[in-house]
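In: coords below, sequence missing:
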C-alpha cells in the first residue's frame, strides 16, 4: 500500500502534479485551515517533487494568464504595425504572433476578440508580403473559422488579402455543416466559440466540421473551456459552473464545497486545475474532538486513495503533526499523532455467518442423484441380461421346451422386475439432479459461494 501511495506523491518534478488544497463549506476555508494546509504543503514540497506551491494553484484557479493587459497588447500591436511600415516584416510577424498568443490566454470577451481578429488579419497580410502563402492561408482559415462573416477593410489591406479571406470563407461554407448545442448549469450564460460570442445558452449554432473551443461566462464567473470535435457529427455540451463557483484562489487557495458534495466535486475540481493528484484538507469534528483530515485523490482515475487525520490541540496542529502527516502520505507509515481514517476497526459491521443449509442439501441431493443413477444403470443392464437369457430358451417357432418353461418364466420375471427398478431409480436420479441444480443456485445467491465448502 505504501508503494501505491508513493506513486501518487513522490514523482519526478517534470511529470505529474500534486495540489494541496483547503476545503470547507461556504464561504470557504478559514484562516486556521489555510495556515495548516500551507504547513502541510510546505513539508510535502520538501520531500516530494511535483507539489505545486500556493501561487501556482492560484494561477490555475484564475485561468491562463498572458501577463499583459488588453491595453498593453494594443500597444504591442501598434509596435508590430510600425515595424511593418519600416520594412521589418519578420519582426512584425514575431510581434504579431506573440500578441495573438497572449490574447488567446485572456478571458473571452468582445474587445479581446476584436483585437485578436485585427492581429490575425495583419499576420495573414504580412505573411503574404513575405510570399509565405501556406502560413497566410493558415491564418486566414483560423480567422474565418472563428468568424465566418469577418470583414476585410480594403482601405487598410491589399486586394490579395481580400481574395484570400474570400477563398477561405467559400471553402469553409462548402464544407459539411454540423450542429453544436450548448446548455449550461447556470442561467443567462454568454457562450463563446473560438473566442467569438455567439449568444446565450441554451442555443444551437451551425458550424463547419472541425474542432472548436467553447467557453461560457456567467456574470464574472467563467466555466472551464471545452474542446469540441465536430468532425464526425453533431455535438451537445453542457457548460458546468459548479467547480468555477467553488474556487477560492485567495483562501488557501481552496474550495468552498458542502460536505454532501465534497467527494464528488473534489475530483472534478482536480481535473479543472489540471492536477494528477489532489490532497484535500478539511476540519473534522468527531466525538467531541477536532481533527485535521487530509484525503488523497487520484484525479485521473477518480479514486480516493487514502485518508489520515491529526487531532488538533486548541485548533492547532501539534508540533510534529504536519511532518508526520506528510510522512504518512509519502511513505504510508503511521506514527502518532497521525491516525488512519476511518479508524481501523471502526464501524465494521458484524460478520454474519450465512446459512449453508441449502448448500448441504444441494450437495446431498447431488450425491443421491449420482447413486440412483448408478443403480438405474445397473438394473437396466440386469434387465437386459435376464431378457437375453429368456430369448435363448425360445425355439425357432417361438415355443419353449416343457423342461425349460420354469426357467423361461423366471428370467422374464427377473427382467421385468429389474426394468421397473431401473425406471424408478432413473426418475429418482433425475429429480435429485434437478433439485441439486435449484438448491445450488439458491445457495450461491445466498452465500456467494459454490457448494458448502470453503476454499
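Out: Received it, and whenever you're ready, just let me know what you need. This structure is a prediction, so every number in the text was calculated from the model and none was measured.
In: tally of neighbours for residue 104?
Out: 15 (other CB atoms under 10 Å). Any C-beta I mention is one placed from the backbone N, CA and C, and that applies to glycine too.
In: quick one: the helices in this structure?
Out: All helices of the chain, identified by DSSP state H, fall at 2-9, 31-47, 54-62, 70-85, 89-103, 110-129, 133-146, 159-174, 242-246, 262-272, 321-331, 357-392, 405-447.
In: out of those, deepest packed?
Out: The highest mean neighbour count among the helices of the chain belongs to helix 321-331 (a mean of 22), with neighbours defined as mean count of other CB atoms under 10 Å.
In: helices or strands next to that helix in the packing?
Out: helix 2-9, helix 31-47, strand 289-298, strand 303-311, strand 338-340 (3 or more CB pairs under 8 Å, 6 or more residues apart in numbering; DSSP states H and E).
In: go again using 10 Å as the cut-off
Out: With contacts defined as 3 or more CB pairs under 10 Å, 6 or more residues apart in numbering; DSSP states H and E, helix 321-331 has these neighbours: helix 2-9, strand 18-24, helix 31-47, strand 277-286, strand 289-298, strand 303-311, strand 338-340.
In: the fourth one - contacts with which helices or strands?
Out: When you say that, I think you mean strand 277-286. Taking 3+ CB pairs under 10 Å, 6+ apart as contact, the helices and strands that strand 277-286 lies on are helix 2-9, strand 18-24, helix 31-47, strand 254-256, helix 262-272, strand 289-298, strand 303-311, helix 321-331.
In: the second one - contacts with which helices or strands?
Out: In other words, strand 18-24. The criterion is 3+ CB pairs under 10 Å, 6+ apart, and the helices and strands that strand 18-24 contacts are helix 31-47, helix 54-62, strand 247-248, strand 254-256, helix 262-272, strand 277-286, strand 289-298, helix 321-331.
In: include mean pLDDT and distance to residue 223 when you put the ones you listed into CSV, please.
Out: Compiled in CSV, those are given as follows (pLDDT from 0 to 100; distance: least, CB to CB, whole Å):
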stretch, mean pLDDT, distance to residue 223
helix 31-47, 94, 26
helix 54-62, 87, 14
strand 247-248, 90, 12
strand 254-256, 94, 16
helix 262-272, 84, 9
strand 277-286, 94, 20
strand 289-298, 94, 22
helix 321-331, 91, 31
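In: okay, those in JSON lines with distance to residue 16 next?
Out: Compiled in JSON lines, those are given as follows (distance: least, CB to CB, whole Å):
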{"stretch": "helix 31-47", "distance to residue 16": "14"}
{"stretch": "helix 54-62", "distance to residue 16": "14"}
{"stretch": "strand 247-248", "distance to residue 16": "21"}
{"stretch": "strand 254-256", "distance to residue 16": "20"}
{"stretch": "helix 262-272", "distance to residue 16": "12"}
{"stretch": "strand 277-286", "distance to residue 16": "7"}
{"stretch": "strand 289-298", "distance to residue 16": "10"}
{"stretch": "helix 321-331", "distance to residue 16": "14"}
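In: nearest to residue 361, of the ones you listed?
Out: Nearest to residue 361 among these is helix 262-272; the distance by CB to CB comes to 44.1 Å.
In: buried sites along stretch 215-234?
Out: Within stretch 215-234, the residues that qualify as buried by neighbour count (16 or more other CB atoms under 10 Å) are 215-218, 222-226, 228, 230.
In: and residue 118, how far from residue 160?
Out: If you measure residue 118 against residue 160 using CB to CB, to the nearest Å, the figure is 18 Å.
In: okay if I get the helices of the chain as CSV plus distance to residue 207?
Out: What follows is the helices of the chain, written out as CSV (distance: least, CB to CB, whole Å):
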stretch, distance to residue 207
helix 2-9, 40
helix 31-47, 43
helix 54-62, 29
helix 70-85, 27
helix 89-103, 21
helix 110-129, 16
helix 133-146, 8
helix 159-174, 9
helix 242-246, 25
helix 262-272, 25
helix 321-331, 46
helix 357-392, 62
helix 405-447, 53
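In: could you tell me the least trusted of these?
Out: Per-segment mean pLDDT for the helices of the chain reaches its minimum on helix 2-9, at a mean of 44.
In: need the contact list for the nearest residue to residue 310 once chain neighbours are set aside.
Out: Residue nearest to residue 310 in three dimensions, not counting chain neighbours: residue 321, with 4.4 Å by CB to CB, 6 or more residues apart in numbering. Under the criterion of CB atoms under 10 Å, 6 or more residues apart in numbering, the neighbours of residue 321 are 36, 39-40, 43, 292, 310-313, 336-338.
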